[in-house]
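> Sequence isn't available, so here's the structure alone:
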């Protein structure tokens with residue numbers, strides 16, 4: 001079997017209190033902020049001049065720098081570096097006082113806000129811009145949307161300290177507008193109730209104050225991994241970089257056809273995520289033998305691809321429901337399910353076992369006589385000619401062409417996973433036998449597996465409706481009383497596996513929002529785009545890419561479940577978050593922080609914004625799920641994806657996609673995003689969407 005590893009995205013979310021302070025850089029540097037760009041100066045207005053911020057109250061919170069650096073539309077303002085032109089100094093108007101809050105500042109390019117509320121003009125000091133910086137100014141790097149810029153700023157006292165900053169114990173130091181800035185992170189409180197710490201957030205974001213639970217994750221290293229010579233590197237199931245020297249075991253590192261790197265026999269193509277047990281894609285069977293994928297079309301022999309048992313795995317089998325005979329059996333499978341309440345798991349009810357494999361086996365040798373899949377009400381039926389005793393087996397396995405998944409054991413990855421299934425006692429068939437309702441109880445230890453399976457069915461139906469496609473093959477691993485290899489419930493994109501926590505102190509098998517949160521990650525992996533670095537998260541402001549991935553996951557889970565309540569039960573009760581209005585301080589952005597659209601944000605903000613766009617606020621109508629998942633499925637994977645904000649998918653990119661996909665009603669979005677959540681999205685500088 002393949003090594004079971006991959007990027008884990010832990011789902012545990014802690015309820016934050018109203019009194020918790022938001023961690024922000026007091027004067028966040030230009031990498032995470034944007035300069036106040038103003039049209040004006042001698043050049044008048046021009047398509048090549050910097051774009052101004054609309055919808056930000058004139059605060060200049062999020063304005064992209066003009067990639068043309070003002071080279072056009074500026075009438076000989078300084079010419080090339082080191083020259084005089086038309087009586088204008090080679091520094092241009094850098095250092096000239098200006099009003100950063102004014103609608104017209106008189107600056108050629110940028111008006112930089114200073115701590116005392118005034119501002120000074122500044123120019124582009126890159127080779128492209130051609131301006132030199134005067135004394136007491138230095139050419140500072142300003143990471144913007146998609147590229148870095150160089151701008152003259154009065155921060156010569158920063159020395160070698162730059163926008164990325166550094167940590168001195170728990171004190172954050174970084175280069176601000178006018179010089180070094182410091183923040184004592186220990187004086188700020190994270191969503192977990194503990195003092196924040198200073199940490200590197202990401203190479204492109206630099207250092208900042210983050211939750212004490214924060215880990216930087218894997219950065220740009222993905223779960224699929226890569227090969228450097230024969231060294232395999234990948235992001236493992238706890239969100240940390242890992243590497244294996246394949247040559248030490250006589251193997252080579254190879255990237256398989258599905259893009260997953262692994263150690264394989266020399267000279268082979270590699271199997272990626274395909275195992276010896278195999279999987280079905282429609283009627284086609286594929287499985288791994290000696291590091292190569294074998295592909296068979298079962299339809300050529302009148303068969304279909306299907307699961308046999310744990311020993312064989314998948315194989316070509318007789319079509320389900322195609323049996324005939326004088327004997328018949330009808331019945332129904334159901335499972336017990338405790339109610340999910342804000343106080344924990346409640347009274348036990350029952351639910352049908354939907355879309356699951358039912359096999360009729362001969363009692364004497366366990367040979368399969370017929371197979372079927374349960375209907376939405378849990379019912380099944382067989383016709384056959386066997387006269388001897390038989391028994392029924394129901395398994396947490398779906399029909400490959402529409403529900404290509406199963407629920408299995410071994411979530412710690414220390415054994416061979418087995419499909420969760422139950423057998424009836426042998427019985428003698430009759431011409432017309434109704435076995436009634438066969439109930440899988442919580443006491444049996446298998447009801448949890450069939451609830452997990454039912455959530456996978458619900459998710460697959462949702463995907464077909466909102467993405468228009470059948471989900472790819474995947475697994476869920478759970479065992480009653482068992483931990484997982486990631487220490488919580490998580491999703492591994494490396495192997496398309498959802499790990500479900502099963503310890504008695506924290507059982508997730510009946511926590512539908514938790515299960516569907518992980519399913520949301522699976523849908524994102526399958527049909528959209530993700531750049532989340534992974535790692536721990538607790539609702540505190542964090543890397544915008546991680547905040548997007550986790551907030552989207554919670555939103556997706558709640559949407560599929562049909563409730564805004566995210567409930568995660570424990571032995572002692574439950575954590576409850578209503579994402580329609582969390583009431584958590586971190587769900588608000590920092591509208592006056594100069595970090596603008598690139599500021600660290602909370603996953604609560606993402607989840608709330610998405611839910612309110614879908615369902616509306618204060619009784620008002622929402623837009624439904626269709627346009628949201630259209631952005632995820634059609635804009636994010638497309639060539640038109642512009643990637644504003646921080647590099648990689650974040651809330652800014654979703655909002656860009658919303659407008660790119662023709663979803664108008666800016667007032668509706670602005671009410672939710674800018675007014676209610678104070679996120680300074682730049683409506684004036686939308687991408688071209690071409």
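Ah, there it is. What you see is a predicted model; the values in this text were computed from it and never measured. Numbers count the residues shown, from 1 in each chain.

> Hmm, residue 542 and residue 213 touching each other?
No - with contact defined as Cβ atoms under 8 Å, residue 213 does not reach residue 542; the gap is 9.7 Å. For the C-beta atoms, the positions are set from N, CA and C on the backbone; glycine is no exception.

> Compare neighbour counts for those two and give me the winner.
residue 542 (32 against 20; other Cβ atoms under 10 Å).

> Report the set of residues contacting both of residue 213 and residue 542.
With contacts defined as Cβ atoms under 8 Å, 6 or more residues apart in numbering, no residue is shared by residue 213 and residue 542.

> From one end of stretch 619-632 to the other, what's the distance?
26 Å (Cα to Cα, to the nearest Å).

> what does that stretch rub up against?
Contacts of stretch 619-632 (Cβ under 8 Å, 6+ apart): 466-467, 523-524, 527-528, 552, 559, 610, 612-616, 654, 657-658, 661, 663, 665, 668.

> Distance from it to the middle of the chain?
Centroid displacement of stretch 619-632 relative to its chain, using Cα atoms, centre = their mean, to the nearest Å, is 18 Å.

> Over to stretch 198-216?
18 Å.

> what distance separates the start and the end of that stretch?
End-to-end span of stretch 198-216 (Cα to Cα): 12 Å.

> Tell me which stretches of the stretch 351-500 of the chain form helices.
447-467 (DSSP state H, counting those that start in this stretch).

> Now do the strands in it.
357-362, 368-373, 379-384, 390-395, 405-408, 421-423, 433-440, 474-477, 490-492, 497-499 (DSSP state E, counting those that start in this stretch).

> Quick one: those as CSV, columns for mean pLDDT and mean neighbour count too.
Shown next, in CSV, are the strands of the stretch 351-500 of the chain (pLDDT from 0 to 100; neighbours: other Cβ atoms under 10 Å):
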stretch, mean pLDDT, mean neighbour count
strand 357-362, 94, 22
strand 368-373, 92, 20
strand 379-384, 90, 19
strand 390-395, 95, 21
strand 405-408, 97, 26
strand 421-423, 94, 19
strand 433-440, 95, 15
strand 474-477, 96, 24
strand 490-492, 93, 30
strand 497-499, 96, 28
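
> so residue 648 sits right up against residue 531, yeah?
Yes - contact criterion Cβ under 8 Å: residue 648 and residue 531 qualify, at 3.0 Å.

> what residues are shared contacts of these two?
Joint contacts of residue 648 and residue 531 (Cβ under 8 Å, 6+ apart) are residue 545.

> Residue 96: what's its closest spatial neighbour, skipping adjacent residues?
Distances taken as Cβ to Cβ, 6 or more residues apart in numbering put residue 121 closest to residue 96, at 4.4 Å, once the chain neighbours are dropped.

> ok, that neighbour - contacts?
Going by Cβ under 8 Å, 6+ apart, residue 121 touches 92-98, 105-112.

> Which ones among the residues you listed lie within helices?
The members of the contacts of residue 121 all map outside helices under DSSP state H.

> So for residue 534, what pLDDT did the model give?
We note a pLDDT of 84 for residue 534 in this prediction.

> what residues does stretch 559-571 touch?
Here stretch 559-571 makes contact (Cβ under 8 Å, 6+ apart) with 11-13, 340-342, 344-345, 458-459, 462, 504-508, 510-514, 516-517, 519-520, 554, 557-558, 574-580, 607, 611, 614-615, 625.

> Mind doing that once more with 6 Å?
With contact meaning Cβ atoms under 6 Å, 6 or more residues apart in numbering, stretch 559-571 is reached by 340, 344-345, 458-459, 462, 505-506, 511-514, 516, 554, 558, 574-580, 611, 625.

> ok, now stretch 228-248?
Contacts of stretch 228-248 (Cβ under 6 Å, 6+ apart): 5-8, 217-218, 221-223, 225-226, 252-253, 261, 263, 485-486, 492, 534-535.

> hmm, 7 Å instead?
5-8, 215, 217-218, 221-223, 225-226, 252-253, 261-263, 485-487, 490, 492, 494, 534-535 (Cβ atoms under 7 Å, 6 or more residues apart in numbering).

> One more: stretch 643-651?
The contact list for stretch 643-651 (Cβ under 7 Å, 6+ apart) reads 145-146, 204-205, 529-531, 544-545, 548, 597-598, 601, 606, 609, 636, 652-653, 656, 687.

> one more time with 8 Å, if that's ok
64, 145-146, 204-205, 529-532, 543-545, 547-549, 551, 597-598, 601, 605-606, 609, 636, 652-653, 656, 679, 682, 685, 687.

> Over to stretch 454-469?
For stretch 454-469, contacts defined as Cβ under 8 Å, 6+ apart pick out 335, 351, 353-355, 398, 402-403, 405, 407, 470-471, 474, 476, 512, 515-516, 519, 522-523, 526-527, 559-561, 625-626, 629, 633.

> Going through these, which ones are buried?
335, 353-355, 398, 403, 405, 407, 470-471, 474, 476, 512, 515-516, 519, 522-523, 526-527, 559-561, 625, 629, 633 (16 or more other Cβ atoms under 10 Å).

> Could you break the protein into its assigned domains?
Domains of the chain are assigned by automatic domain parsing as 33-162, 226-317, 327-525.

> and the ones you listed as TSV, adding distance to residue 178?
Formatted as TSV, the domains of the chain follow (distance: least, Cβ to Cβ, whole Å):
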stretch	distance to residue 178
domain 33-162	5
domain 226-317	37
domain 327-525	41
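
> Name the stretch from those domains where average model confidence is lowest.
Lowest mean pLDDT within the domains of the chain: domain 33-162, at a mean of 60.

> Not including adjacent chain positions, what is the nearest residue to residue 605?
Closest to residue 605 by Cβ to Cβ, 6+ apart is residue 587, at 4.9 Å.

> which residues touch the one you found?
Applying Cβ under 8 Å, 6+ apart, the residues near residue 587 are 602, 604-605, 608, 677.

> hang on, the earlier thing: let's have the strands of the stretch 351-500 of the chain in CSV, adding distance to residue 276.
Shown next, in CSV, are the strands of the stretch 351-500 of the chain (distance: least, Cβ to Cβ, whole Å):
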stretch, distance to residue 276
strand 357-362, 20
strand 368-373, 21
strand 379-384, 30
strand 390-395, 19
strand 405-408, 15
strand 421-423, 20
strand 433-440, 29
strand 474-477, 14
strand 490-492, 19
strand 497-499, 16
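
> center of this structure - which residue?
For the chain, the residue nearest the mean C-alpha position is residue 549 (2.7 Å; Cα atoms, centre = their mean).

> Mind checking what secondary structure that residue has?
helix (DSSP: H, G, I helix; E, B strand; the rest coil).

> So it sits against residue 535, correct?
No - at 10.4 Å, residue 549 does not count as touching residue 535 under the criterion of Cβ under 8 Å.

> outside of stretch 212-221, which residues touch it?
Contacts for stretch 212-221 (Cβ under 8 Å, 6+ apart): 7, 190, 192, 194-197, 199-203, 233-235, 239-241, 532-538, 540, 542-543, 546.
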